[in-house]
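# Sequence isn't available, so here's the structure alone:
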């Protein structure tokens, strides 16, 4: 039986997060001046004269979907209509990327006929147009952990052209997988951990202990551990130069840190290239480009390095990135010298849901701040077509209409666009849930205080060791 490696604070509210949508962002632009010189750069001269956001939210998503067809029939969507003007005296071609979110927790992205995940199934529902005519778009994927905040400076560079170039992670970087089995543990040890110490610098060799669940960084080494039971299979993956000699393993029994007897048997080794390792779980039918999957694996491993070359994944699947993808529309538009075009992007809109309220409350988020990267930004019109009530809004000034709500702004506001909808104007949280929420918040405060105390204690201990 697997044991949990960390304490998880279970929230009272049933809250299924869905990453927010963001405005289109430029990845590059090019043009040719009247003199024939090629012009490229990160910042194009295009200005956004107007953006019109239209949210069509005639239904709330289901808690679950029985099949892919039912999931794709969900109609919640947003349409971003940009009026681009080119004040330059040369034509400008820009490549744009529009992030339209992760597959929501309540989404359905599995094809039973092929027995494959289809991560971009809903990405083909809508078109990208220029002056009303559909243009070619590509659905791209980048690494994005659930619960993470979107950051343009971090997430846009992950949208690379081709395969990522990295100082360590290369196609032919050697990978060696060591497979062990463990036995001989006394049954009285119900919280047995096995681990090893490592003092490499990570420049030539990196290590990943699958199902790693603990560790400690000292001044000149790092120790990592995992829970074990008799008969467990232990996998150690070594990237780069293979081990010159075997690791020195140690055992400890739970919080007592007392060692126990065991037998560790090396069952075999497997060698491969990093490209083979990175693409081992890739599925062509998923809709993810091979380069996007590979680049996400590189980003994940770089993000996971803990110290001394140890990849510190405190979960059971250290290289499982299947649920950690942000989807993008990538496309090109050309705006003639002194001309104007209207570019429209439509994407599915998934809310977060709080089902504890009566009736439930659904939160929608659309990030406005990425649009600040444009040379200029003019008027912003927001239309929410819905039969439901807008119970909260992060932006003030929404006017109620027969079709829903509207808001017009000159320029971009400081905040993001966030609002909640419900079937009733004043949804209620039952008294029992309100009391539980208070207790949960009090418990969370105590956990934060305890964590700060532990951190301060560890810093004192580290300082004492250094002295």
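Cool, got the structure. Just so it is clear, the model here is predicted, and its values are computed rather than measured.
# What segments of this protein are helices?
Secondary structure of the chain (DSSP state H): helices located at 68-72, 152-155, 274-278, 290-304, 431-466.
# Pick out the shakiest of those helices, pLDDT-wise.
Of all those, the minimum mean pLDDT falls on helix 431-466 (a mean of 50).
# Let me know the pLDDT of residue 314.
Listed pLDDT for residue 314 reads 48.
# low pLDDT regions in the chain?
Along the chain, segments meeting pLDDT under 70 span 1-20, 26, 28, 30-42, 110, 255-257, 313-318, 430-467.
# ok, now how distant is the spatially most central residue of it from residue 162?
Residue closest to the average C-alpha location in the chain (Cα atoms, centre = their mean): residue 144, at 1.9 Å. Per Cβ to Cβ, to the nearest Å, residue 144 is found 20 Å from residue 162. The way it works is simple: take the backbone N, C-alpha and C, and place the C-beta from them, glycine included.
# Spit out the contact partners of the nearest residue to residue 326 once chain neighbours are set aside.
The shortest distance from residue 326 to any non-neighbouring residue, by Cβ to Cβ, 6 or more residues apart in numbering, is to residue 144 (3.5 Å). Taking Cβ atoms under 8 Å, 6 or more residues apart in numbering, we find residue 144 in contact with 19, 102, 150, 155, 324-326.
# In JSON lines: those, plus distance to residue 375.
Shown next, in JSON lines, are the contacts of residue 144 (distance: Cβ to Cβ, whole Å):
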{"residue": "19", "distance to residue 375": "27"}
{"residue": "102", "distance to residue 375": "30"}
{"residue": "150", "distance to residue 375": "22"}
{"residue": "155", "distance to residue 375": "21"}
{"residue": "324", "distance to residue 375": "33"}
{"residue": "325", "distance to residue 375": "31"}
{"residue": "326", "distance to residue 375": "26"}
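# Might one say that residue 223 is in contact with residue 207?
No. Counting by Cβ atoms under 8 Å, residue 223 stays clear of residue 207, with 12.0 Å between them.
# who's more crowded, the two?
Legend: neighbour count by other Cβ atoms under 10 Å for residue 223 and residue 207, higher for residue 207 (23 against 17).
# quick revisit: hey, what's in contact with both of residue 223 and residue 207?
Contact criterion Cβ under 8 Å, 6+ apart; residues shared by residue 223 and residue 207: residue 198.
# Show the residue spans covered by the strands in the stretch 101-250 of the chain.
All strands of the stretch 101-250 of the chain, identified by DSSP state E, counting those that start in this stretch, fall at 110-111, 116-117, 128-130, 133-135, 138-143, 174-183, 192-198, 205-209, 214-217, 222-227, 233-240, 249-253.
# Could you say which one of these comes nearest to residue 356?
Comparison of these against residue 356 by Cβ to Cβ identifies strand 110-111 as nearest, at 27.9 Å.
# Hmm, residue 193 is touching residue 223, no?
No. Applying Cβ under 8 Å as the test, residue 193 and residue 223 come out as separate, 10.4 Å apart.
# about what we covered before: now for the strands of the stretch 101-250 of the chain, which one comes closest to residue 407?
strand 128-130 (24.1 Å).
# From the contact counts, what lies against that closest one?
With contacts taken as 3 or more Cβ pairs under 8 Å, 6 or more residues apart in numbering; DSSP states H and E, strand 128-130 sits against strand 133-135, strand 325-335, strand 340-348.
# Packed most tightly, which of those strands would that be?
Highest mean neighbour count of the helices and strands packed on strand 128-130: strand 325-335, a mean of 22 (counted as mean count of other Cβ atoms under 10 Å).
# the inter-axis angle of that one versus strand 340-348?
160 degrees (axes from the mean of the first three to the mean of the last three Cα atoms, to 10 degrees).
# Give me the nearest residue to residue 68, chain neighbours excluded.
Spatial nearest neighbour of residue 68, chain neighbours left out: residue 108 (5.5 Å); criterion: Cβ to Cβ, 6+ apart.
# Could you pull up the residues touching the one you found?
Contacts for residue 108 (Cβ under 8 Å, 6+ apart) come out as 64-68, 70-71.
# ok, now how distant is the residue nearest to the centre of the chain from residue 88?
34 Å.
# and if you look at residue 320?
Distance, residue 320 to residue 88, using Cβ to Cβ: 47 Å.
# before we move on, what about residue 388?
44 Å.
# what's the answer for residue 133, then?
23 Å.
# do the same with residue 425
Using Cβ to Cβ, one gets 49 Å for the distance from residue 425 to residue 88.
# neighbour count winner among the two?
Taking neighbours as other Cβ under 10 Å, residue 425 and residue 88 compare with residue 88 leading, 19 against 9.
# Identify the residue nearest that one in space, chain neighbours excluded?
In space, and not counting its chain neighbours, residue 88 is closest to residue 45: 4.4 Å by Cβ to Cβ, 6+ apart.
# What about that neighbour, how many residues nearby?
Residue 45 is flanked by 20 other residues according to other Cβ under 10 Å.
# contacting residues for it?
Taking Cβ under 8 Å, 6+ apart as the contact definition, residue 45 lies against 86-88, 92, 375.
# Restricted to buried residues, select these in ChimeraX.
What follows is the ChimeraX syntax for the buried subset of those, where burial is set by 16 or more other Cβ atoms under 10 Å:
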select :86,88,92
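# could you dump the contacts of residue 45 to CSV with distance to residue 234?
What follows is these, written out as CSV (distance: Cβ to Cβ, whole Å):
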residue, distance to residue 234
86, 60
87, 63
88, 61
92, 56
375, 56
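# Mind checking which of the contacts of residue 45 land in strands?
Counting by DSSP state E, the contacts of residue 45 place residue 92 in strands.
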